[in-house]
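A predicted structure for the sequence below; I have some questions about it.
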Amino acid sequence: EHIAHVICNPSSGETVFLPKRRTGHKSFLGFDPIDKVFKVVSPIAGRSPYGCIHNILTLGTGEMRWRKIQCSLSHCSDSSGGICINGALYYLATGRDYTSYVVCFDVRSENFKFIQADFMVYKARSLINYKGKLGVIIWTGHNSGYLGGKIGLNRTHELHIWVLEDVVKHDWSEYAYTLPDDKFGYTGRRVSYLTLLGVTATGQ
């Protein structure tokens, strides 16, 4: 089965239909701020010891065709979305040994970097642009599991933000915030749901 994906520019009203891909293939949109070029990256899931293949599509170059590039680390992207910051496209993935990684794809050079992220033990997480750096959001709480990014019956909630300070050295900073029980804990109803909408330019 194939499905069609569309990219739309709300400002100009322009729409671009991407070449059809098989269902189940996740795609990410990246932007190269130097050459002013958008690229679509579509990893092919797999855990081969020889790496995996990614499909790359450059937009705005006439006839659009998918190109295949080799990736040295075999991995499967997870259900969270990707984010592009200053020409680097980030997404979360699991390696063939089930290790958690942040995948960093340089949109211009089309090179990959893999940042091991041992702290990502919870399923409830998302990626944000935190003051120009990659931020990983993780919800934690007491006596609760996580399903679909939603939090169940907890008496205490904590919001953790892991910020990638250095891509080469794999240096992270962690910020933790305890959310008050009367606002974010058990409300008397069956389940209380929390959703992170985004981050302002100042980090709020």
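Received, thanks.

tell me, how many residues neighbour P180?
Using other C-beta atoms under 10 Å, P180 has 9 neighbouring residues. (Glycine included, C-beta is placed from N, CA and C.)

do you know how far it is from H160?
Separation of P180 from H160 (C-beta to C-beta, to the nearest Å): 16 Å.

residues in contact with I137?
By C-beta atoms under 8 Å, 6 or more residues apart in numbering, the contact set of I137 is R125, S126, L127, I128, L159, H160, I161, L196.

repeat for Q204
No residues are in contact with Q204 under the rule C-beta under 8 Å, 6+ apart.

same thing with F112?
Counting by C-beta under 8 Å, 6+ apart, F112 touches C71, S72, L73, V103, C104, F105, D106.

mind checking pLDDT for S109?
At S109, the predicted lDDT confidence score is 95.

where does it land in three-state SS?
For S109, the secondary structure call by DSSP: H, G, I helix; E, B strand; the rest coil comes out as coil.

give me the neighbour count for V199.
15.

okay, it and P33: tell me how far apart.
Using C-beta to C-beta, V199 is found at 20 Å from P33.

I figured D78 hits Y101, correct?
No - using C-beta atoms under 8 Å, D78 is not in contact with Y101; the gap is 9.8 Å.

quick one on the thing from earlier: ok, of the contacts of I137, which one's closest to H54?
Nearest to H54 among the contacts of I137 is L127, at 18.3 Å by C-beta to C-beta.

how about that closest one: what's its closest non-neighbour residue?
Once flanking residues are discounted, L127 sits nearest to I83: 4.4 Å by C-beta to C-beta, 6 or more residues apart in numbering.

list phi and psi for the one you found.
phi -150, psi 140 (degrees, to the nearest 10).

ok, it touching G132?
No - the criterion here is C-beta under 8 Å, and I83 misses it with G132 at 11.8 Å.

compare the two and say which is more crowded by neighbours.
I83 (18 against 8).

so Y98, which state does it fall into?
Assignment for Y98 (three-state DSSP): coil.

measure it to Q70 for me?
For Y98 relative to Q70 (C-beta to C-beta), the value is 22 Å.

what of H160?
34 Å.

so for those two, which sits in the more crowded spot?
Using other C-beta under 10 Å, the more surrounded residue of H160 and Q70 is H160, with 16 against 10.

I'd guessed that one sits against T178; true?
No - using C-beta under 8 Å, H160 makes no contact with T178, being 10.4 Å away.

where does the closest residue to I85 other than its chain neighbours land on pLDDT?
Sequence neighbours aside, N129 is the residue nearest to I85 in space, at 5.3 Å (criterion: C-beta to C-beta, 6+ apart). On pLDDT, N129 comes in at 91.

contacting residues around the residue lying closest to L59 once chain neighbours are set aside?
Among residues not flanking L59 along the chain, F38 sits closest, at 4.3 Å (C-beta to C-beta, 6+ apart). By C-beta under 8 Å, 6+ apart, F38 lies in contact with I7, L29, G30, F31, D32, T58, L59, G60.

from G95, how far out is T202?
Taking C-beta to C-beta, one finds T202 at 35 Å from G95.
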